[in-house]
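Asks: quick check, what structure comes out for this input:
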Amino acid sequence: MAKARNTIPSEQVSSLAVADVIAGDGAALSAELHAMREALFPPVSQKTLRSFSSVEAAKLIGIADAYLRQVSLQGKGPQPAMTSGGRRSYTLDQINELRAVLEEGSKNKRYVPHRRDSEHCQVLAVVNFKGGSGKTTTASHLAQYLALHGYRVLAIDLDPQASLTALHGYQPEYDIQANETMYAAVRYDDERRPLRDIIRKTYFPGLDLVPGNLELMEFEHDTPRALAERSTEPFFGRVATALGSVAADYDVMIVDCPPQLGFLTLGALCAATSLLITVHPQMLDVMSMCQFLLMASDMLKVVQNSGGSLDYDFIRYVVTRFEPADAPQTQMVAFMRSLFRDRVLNSTMVKSTAISDAGLSKQTLYEVGRENFSKQTYDRAVESLDAVNGEIERLIGSAWGRAA
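Replies: Prediction:
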């Protein structure tokens, strides 16, 4: 790791302005993170997505590996890369090409899950009042799961901490410049920009990103002044307007909200067609969620009385970082199910060292290969993620009127 720069010895803190100390530490950390990215993703310092084995590709498409081999031998669709040992692998772009080829030759089964014109774009807001509830982990894995399964996905980072942005290959304070976040599309002055100009491609085919950074805090500062000046477009409709301008290009939008009930979060709640409320099944976290629900209810009633529209296809609580062997957590999940019934997802996202270990290299579990972990740990974590995300995928299909 590169040597730290611009740090200030701790014994000097008392004689310096606090802002200078914090700024120096922030600059040093930013430089180290940039150096780490260059070391992790050479030679262009950009993330790339791995290839998938023929077994993985067949599972993603929804066919048997033997049938995929037959398609390959018949020369249909893109041809896989071959190792010296005869193993076949496909990129995600090739998998999407195969979906199109198979659907063209099929009379009954759909392989490309894109929404029809009669099916509205799903906007899923991932929310909670409390940091550490697993919002970004949930949002990022869901966005990538849907992209892997052929959907056109837009991930929107509304959190000024910008973890979703960093996870998808952009260093917020280094790669994202002024007026290049959602703030640019919802601001109140003449520098407002179309959202289409802000969207960035990611290394994940089918997954685009609206990046975030600290600039998003400006909307929280600007909105009270706009309310006093009676801005022509209310704050709670601006996120929906921005997302609506690009909705035709996507099947699903995933919004990672900040861990606070500010103006951006309220805007996301008004833009959403469905809500995912993440919760860690411990008493303090559930108590915090209680406060979030009560405060959100009060504020959304104000928005509704001001002309805002709230019409959700579904609301689900997502249990995150769950440890099945922990009796108090198991009791808390049972308690939530007794209260909220089917609004709690049947599947839970288990706590796993595989997810946290993947995060050390700024990756999700869908990006790293099985060979990087013990098979039991990896399989258990992926099975949990797939179960949660598959359940949400079925809810989306149900909202579109599709058969299970």
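
Asks: any idea what the residue lying closest to Pro80 once chain neighbours are set aside is bridged to?
Replies: Excluding its sequence neighbours, the residue lying closest to Pro80 (Cβ to Cβ, 6 or more residues apart in numbering) is Arg88, at 3.9 Å. No exception for glycine: its C-beta is placed from N, CA and C like everyone else's. With DSSP bridges applied, Arg88 shows beta-bridge pairing to Met82.

Asks: report the contact partners of Arg88.
Replies: Ser53, Ser54, Arg69, Ser72, Pro80, Ala81, Met82 (Cβ atoms under 8 Å, 6 or more residues apart in numbering).

Asks: where's it relative to Thr348, distance?
Replies: For Arg88, the distance to Thr348 equals 34 Å [Cβ to Cβ, to the nearest Å].

Asks: got it, and Ser398?
Replies: Distance from Ser398 to Thr348, by Cβ to Cβ: 20 Å.

Asks: then Pro324?
Replies: In terms of Cβ to Cβ, Pro324 sits 8 Å off from Thr348.

Asks: more neighbours, the two?
Replies: Per other Cβ atoms under 10 Å, whichever of Pro324 and Thr348 has more neighbours is Thr348, with 21 against 12.

Asks: look up how far Gln329 lies from that one.
Replies: 9 Å.

Asks: repeat for Arg152
Replies: The gap separating Arg152 from Gln329 is 36 Å, by Cβ to Cβ.

Asks: where does the chain dip in pLDDT?
Replies: Scanning the chain for pLDDT under 70 picks out 1-30, 33-34, 36-45, 131, 231.

Asks: quick one: contacts for the residue nearest to Pro281 when sequence neighbours are not counted?
Replies: Once flanking residues are discounted, Pro281 sits nearest to Met332: 4.0 Å by Cβ to Cβ, 6+ apart. The contact partners of Met332, taken as Cβ under 8 Å, 6+ apart, are Pro281, Gln282, Met283, Val286.

Asks: distance to Pro194, neighbour count and secondary structure for the residues you listed - can I get that in a markdown table?
Replies: Listed next are those as a markdown table, based on distance: Cβ to Cβ, whole Å; neighbours: other Cβ atoms under 10 Å; DSSP: H, G, I helix; E, B strand; the rest coil:
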| residue | distance to Pro194 | neighbour count | secondary structure |
| --- | --- | --- | --- |
| Pro281 | 41 | 23 | coil |
| Gln282 | 43 | 15 | coil |
| Met283 | 45 | 11 | helix |
| Val286 | 41 | 16 | helix |
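
Asks: now for those, which pair is the farthest apart?
Replies: Farthest apart among these by Cβ to Cβ are Pro281 and Met283. That separation is 8.9 Å.

Asks: how near is Asp93 to Ala272?
Replies: 30 Å.

Asks: again, but for Arg115
Replies: Applying Cβ to Cβ to Arg115 and Ala272 gives a distance of 16 Å.

Asks: please list the outside residues in contact with stretch 312-323.
Replies: With Cβ under 8 Å, 6+ apart as the criterion, stretch 312-323 contacts 122, 133-134, 137-138, 272-281, 329, 333, 336, 340, 343-345, 348-351, 388, 392, 395, 398-399.

Asks: quick one: which of Asp93 and Ala272 has more around it?
Replies: Ala272 (26 against 12).

Asks: quick one: residues contacting the residue nearest to Arg196 when sequence neighbours are not counted.
Replies: The shortest distance from Arg196 to any non-neighbouring residue, by Cβ to Cβ, 6+ apart, is to Val246 (5.5 Å). By Cβ under 8 Å, 6+ apart, the residues touching Val246 are Leu154, Leu195, Arg196, Ile199.

Asks: now the buried members of these.
Replies: Burial by neighbour count, judged by 16 or more other Cβ atoms under 10 Å, picks out Leu154, Leu195, Ile199 from the contacts of Val246.

Asks: output these in a markdown table; the columns should cover distance to Pro211 and secondary structure.
Replies: Listed next are those as a markdown table, based on distance: Cβ to Cβ, whole Å; DSSP: H, G, I helix; E, B strand; the rest coil:
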| residue | distance to Pro211 | secondary structure |
| --- | --- | --- |
| Leu154 | 12 | strand |
| Leu195 | 12 | helix |
| Ile199 | 9 | coil |
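
Asks: would Ile277 count as being in a strand?
Replies: Yes: counting by DSSP: H, G, I helix; E, B strand; the rest coil, Ile277 falls inside a strand.

Asks: quick check: buried residues in stretch 104-122?
Replies: Buried residues in stretch 104-122, counted by 16+ other Cβ under 10 Å: Tyr111, Pro113, Arg115, Cys121, Gln122.

Asks: how about stretch 91-101?
Replies: Thr91, Leu92, Gln94, Ile95, Asn96, Leu98, Arg99, Val101.

Asks: may I have it exported as CSV, CA atoms only?
Replies: Output of stretch 91-101 as CSV, limited to C-alpha atoms (Å, rounded to 0.1, in the frame of the first residue of the first chain):
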residue,chain,number,x,y,z
THR,A,91,-19.3,-13.1,-20.7
LEU,A,92,-22.6,-11.5,-19.5
ASP,A,93,-22.9,-9.7,-22.9
GLN,A,94,-22.8,-13.2,-24.5
ILE,A,95,-25.3,-14.5,-22.1
ASN,A,96,-27.7,-11.7,-23.0
GLU,A,97,-27.1,-12.5,-26.7
LEU,A,98,-28.0,-16.1,-26.1
ARG,A,99,-31.2,-15.0,-24.4
ALA,A,100,-32.2,-13.1,-27.5
VAL,A,101,-31.3,-16.0,-29.8
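
Asks: any residues touching it, and which ones?
Replies: By Cβ under 8 Å, 6+ apart, stretch 91-101 touches 49, 51-52, 57, 60-61, 68, 71, 76-78, 80, 90, 111-112, 147-148, 150, 204-206.
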